[in-house]
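Asks: quick one: sequence plus predicted model below, questions after.
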Amino acid sequence: MARYTGPKAKKARALGEPIFGYSRAFERKKYKPGQHGNSRGRRRQPSDYKLQLTEKQKAKYTYGVLERQFRNLFEKAAASRGVTGELLLQFLEARLDNIVFRLGLAPTRRAARQLVSHRHIMVNGRLNNIPSTQIRPGDVVSVRGKSQGLDVIRDTMNGKSDVRSHGWLSFNPEKMEGTFLDYPERENIPEKINTQLIVELYSK
């Protein structure tokens, strides 16, 4: 399964957002990496293209999606009825690995992707090991019976209950299952991503 395996803190600093989750390295050095990253001297104004590209990179790394998958989701959003940028985020949020993360079954999206690929997650009662699976309203995502005792799941459920406070998801902690009620509205997606810049980039 293709995914980004490079330095996480450095990439987060370059994009200015804790895209892989908050870390000590990011908190300690929020300025950009490199020799002049912490310089207070005069900086050249970034071009429109750089701003657009940076926003796309931020979205890709946040959700752990590589270029081909990201472009496919963008094209799907562009071909659908509605606001393209908002639809793009909704499709990213509807990925199975993201749903596992939002339900509070994993501390990060990367950990959620691992749970899925290692066959610990079920969709509508059937095992699913494809993190990019698009979940639809009404689908039920649950933890496989023999996997419900995993420490990573138990620890996250005990300490990360706040990530389940979304109106577009419901969660039953006793059954370790959640239901995808509907696609989230833009105001219910906490990520700071300017989707208009991404639309402008792909529209060139």
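Replies: Nice, I can see it. Numbers count the residues shown, from 1 in each chain.
Asks: for this protein, what spans make up the strands?
Replies: Secondary structure of the chain (DSSP state E): strands at 121-123, 126-127, 140-143, 169-172, 177-180.
Asks: got a list of what the residue nearest the centre of the chain touches?
Replies: Taking CA atoms, centre = their mean, the centroid of the chain lies closest to Y63, which sits 3.0 Å from it. By CB atoms under 8 Å, 6 or more residues apart in numbering, the contact list for Y63 reads L92, R95, N98, R109. (C-beta placed from N, C-alpha, C; glycine too.)
Asks: for the residue nearest to the first one when sequence neighbours are not counted, give me the pLDDT.
Replies: Beyond its immediate neighbours in the sequence, the residue positioned closest to L92 (CB to CB, 6 or more residues apart in numbering) is Y63, lying 4.7 Å away. Y63 carries a pLDDT value of 96.
Asks: relative to G138, how far out is Y63?
Replies: Separation of Y63 from G138 (CB to CB, to the nearest Å): 22 Å.
Asks: now swap in F180 and tell me
Replies: Distance, F180 to G138, by CB to CB: 7 Å.
Asks: got it, and T62?
Replies: Taking CB to CB, one finds T62 at 26 Å from G138.
Asks: neighbour-wise, which of those two wins?
Replies: The neighbour count for T62 versus G138, taken as other CB atoms under 10 Å, is higher for T62 (21 against 10).
Asks: that one and P190 touch, don't they?
Replies: No. Look at T62 against P190 with CB atoms under 8 Å: they stay out of range, at 10.6 Å.
Asks: neighbours of G85, how many?
Replies: By the measure other CB under 10 Å, the count of residues near G85 is 21.
Asks: so it sits against Y202, correct?
Replies: No. Using CB under 8 Å as the test, G85 is too far from Y202 to be in contact (10.2 Å).
Asks: for Q114, which non-adjacent residue is closest in space?
Replies: Leaving aside its sequence neighbours, Q114 sits nearest to A106 (CB to CB, 6+ apart; 7.8 Å).
Asks: so what's the backbone phi/psi at that neighbour?
Replies: With angles defined as degrees, to the nearest 10, A106 sits at phi -150, psi 150.
Asks: could you find the closest non-adjacent residue to R110?
Replies: Excluding the flanking residues, the one nearest R110 by CB to CB, 6+ apart is G64, at 6.3 Å.
Asks: return the distance of stretch 125-139 from the chain's centre.
Replies: Averaging C-alpha positions (CA atoms, centre = their mean, to the nearest Å) puts stretch 125-139 15 Å from its chain's average.
Asks: check which residues of it are buried.
Replies: N128, P131, S132, T133, I135, D139 (16 or more other CB atoms under 10 Å).
Asks: those residues in helices, which ones?
Replies: Using DSSP state H, no member of the buried residues of stretch 125-139 sits in helices.
Asks: distance to R68 for the residues you listed - can I get that in a markdown table?
Replies: Converted to a markdown table, these look like this (distance: CB to CB, whole Å):
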| residue | distance to R68 |
| --- | --- |
| N128 | 21 |
| P131 | 15 |
| S132 | 11 |
| T133 | 16 |
| I135 | 20 |
| D139 | 24 |
